[in-house]
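Engineer: coords please:
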Amino acid sequence: MPTCILKFSSDCAFSYSIKILQSKNQMFNNASDFLFSPSISGLKEDLKRKLYGQHLVIETVARALKAHVNAENPSKALVFSFHGWTGSGKNYVSEIVAQNFYLKGKSSQYVKLYLPDLHLYESNLTRFLAADLQTIIRTTVSACPRSLFLFDEVDKVPSDIISAVKPFIDYHKVVQGIDYSKSIFIFMR
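Structural biologist: Predicted coordinates:
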């Protein structure tokens, strides 16, 4: 059966597979997208080389990601909240994380980016949008437990939408039969 290959290349070098797909054709068509290969040393080097005046970000993000990725059984999903002015590097840091953790970076089907202007957060539709968001998170994490969810301009998102994410980032390891503890959520404001 097709598999999602998770390969850790920081301190320990091992790989294992998680069965996730329905047909063999999907595996051969999308095999390169399923490689989750977190390079903590690569992440740290990229952050040092590409960020200026952000030494706290470099150490904090790298340390938290290393602890989360190396934990066999994390107690909950890893959640970051990046705050700063436009151009301060919030999106840039999330992009560097995606590039160092997923073969296709932000283009991986296991990296989901939400933009309030693009995803039409209209007040009369928030209940439906919240349900859709929960379905997407559930489906993505079911396919690959090490999924990454990025929420840009979270201050513009209605509170109902943010509340819809809470069950997945709280200390509920398993929600409706799915373990979210290995996933990563980054909120940017």
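Engineer: residues near the residue nearest to residue 76 when sequence neighbours are not counted, how many?
Structural biologist: Nearest residue to residue 76, sequence neighbours excluded (Cβ to Cβ, 6 or more residues apart in numbering): residue 171, at 5.1 Å. Any C-beta I mention is one placed from the backbone N, CA and C, and that applies to glycine too. Residues within reach of residue 171, counting by other Cβ atoms under 10 Å, total 8.
Engineer: cool, and residue 135?
Structural biologist: The local packing of residue 135 (other Cβ under 10 Å) involves 11 other residues.
Engineer: secondary structure element for it?
Structural biologist: Using DSSP states H and E, residue 135 sits within helix 126-143.
Engineer: who does that helix touch, helix- and strand-wise?
Structural biologist: In terms of contacts (3 or more Cβ pairs under 8 Å, 6 or more residues apart in numbering; DSSP states H and E), helix 126-143 is packed against strand 111-114, helix 159-169, strand 178-179.
Engineer: show me where this structure has helices.
Structural biologist: Assigned by DSSP state H, the chain shows helices spanning 24-30, 40-50, 55-70, 90-101, 126-143, 159-169.
Engineer: Quick one: closest of those to residue 183.
Structural biologist: Residue 183 lies closest to helix 126-143 among the helices of the chain, at 5.3 Å (Cβ to Cβ).
Engineer: returning to that earlier point: want to throw the helices of the chain into JSON lines with mean pLDDT?
Structural biologist: Formatted as JSON lines, the helices of the chain follow (pLDDT from 0 to 100):
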{"stretch": "helix 24-30", "mean pLDDT": "37"}
{"stretch": "helix 40-50", "mean pLDDT": "93"}
{"stretch": "helix 55-70", "mean pLDDT": "94"}
{"stretch": "helix 90-101", "mean pLDDT": "96"}
{"stretch": "helix 126-143", "mean pLDDT": "91"}
{"stretch": "helix 159-169", "mean pLDDT": "92"}
